[in-house]
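> Here's a sequence, model it:
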Amino acid sequence: MKNQIFKKGIRLIAGSIFILASWLPAAAQTADEPKEKIALGSEGKSIQEELPPKDTYTYIPGERRDPFISLIKGGGQREETQDELTPLQKVDVSEVKLVGIIKDSQGNMALIQTLDGRGYFLREGIQLGKNEGFVEKILEDKIVVKEKKTNFLGQIEVTEAVLTLKKKEEGSR
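Numbering: from 1, shown residues only. Now for the predicted structure:
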């Protein structure tokens, strides 16, 4: 029994040596050759160095419209997300109440209050409202806000919204 195991072990070692011996000369022959052959193009240059033909398409973004802008909303510029807007741009002008006006040599300031009870100071030129509005004038008893609104035809119109200061009645305090 031991003799048979010994003979199988010797055969196994001899077979491994035979396989290893037959592999070594093949490995030595391929070591001198390059690992990959480079295919040559039409003029003796490698295919990697040849330039693509001139009639291929190249995208030039300046000549095309932005594909992410809605065609239905009239195009224009990309809409700002709610995170980029100030609190005054998130409310509608109709939801704002004019509380007071402060007269100043540098220009009048207006104090407004939103529906949630927060107060804000406004100067001329500050953006107000959801429709890209801005404060155009601050007068003694009112402020004028210009807004861009879209009519039913999809055209953009500039409208004026006037917020007036309510005066206290003389008899009440």
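> Could I have the CA atoms of stretch 93-100 written out in PDB?
Only the C-alpha atoms of stretch 93-100 are listed here, as PDB (Å, rounded to 0.1, in the frame of the first residue of the first chain):
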ATOM      1  CA  VAL A  93     -47.200  91.000  -3.000                       C
ATOM      2  CA  SER A  94     -50.900  90.700  -2.100                       C
ATOM      3  CA  GLU A  95     -49.900  88.900   1.100                       C
ATOM      4  CA  VAL A  96     -47.800  91.800   2.400                       C
ATOM      5  CA  LYS A  97     -49.100  94.600   4.500                       C
ATOM      6  CA  LEU A  98     -47.500  98.100   4.600                       C
ATOM      7  CA  VAL A  99     -47.000  99.000   8.300                       C
ATOM      8  CA  GLY A 100     -45.000 102.200   8.100                       C
END
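> So for it, what gets flagged as buried?
By neighbour count on 16 or more other C-beta atoms under 10 Å, the buried set for stretch 93-100 is 93, 96, 98. No exception for glycine: its C-beta is placed from N, CA and C like everyone else's.
> Residues touching it, excluding its own?
With contact meaning C-beta atoms under 8 Å, 6 or more residues apart in numbering, stretch 93-100 is reached by 110-115, 119, 128-129, 131, 133, 142-143, 145, 147, 161, 163-166.
> Of those, keep whichever come out buried.
The neighbour count (16+ other C-beta under 10 Å) marks 110, 112, 114, 128-129, 131, 133, 143, 145, 147, 161, 163, 165 as buried among these.
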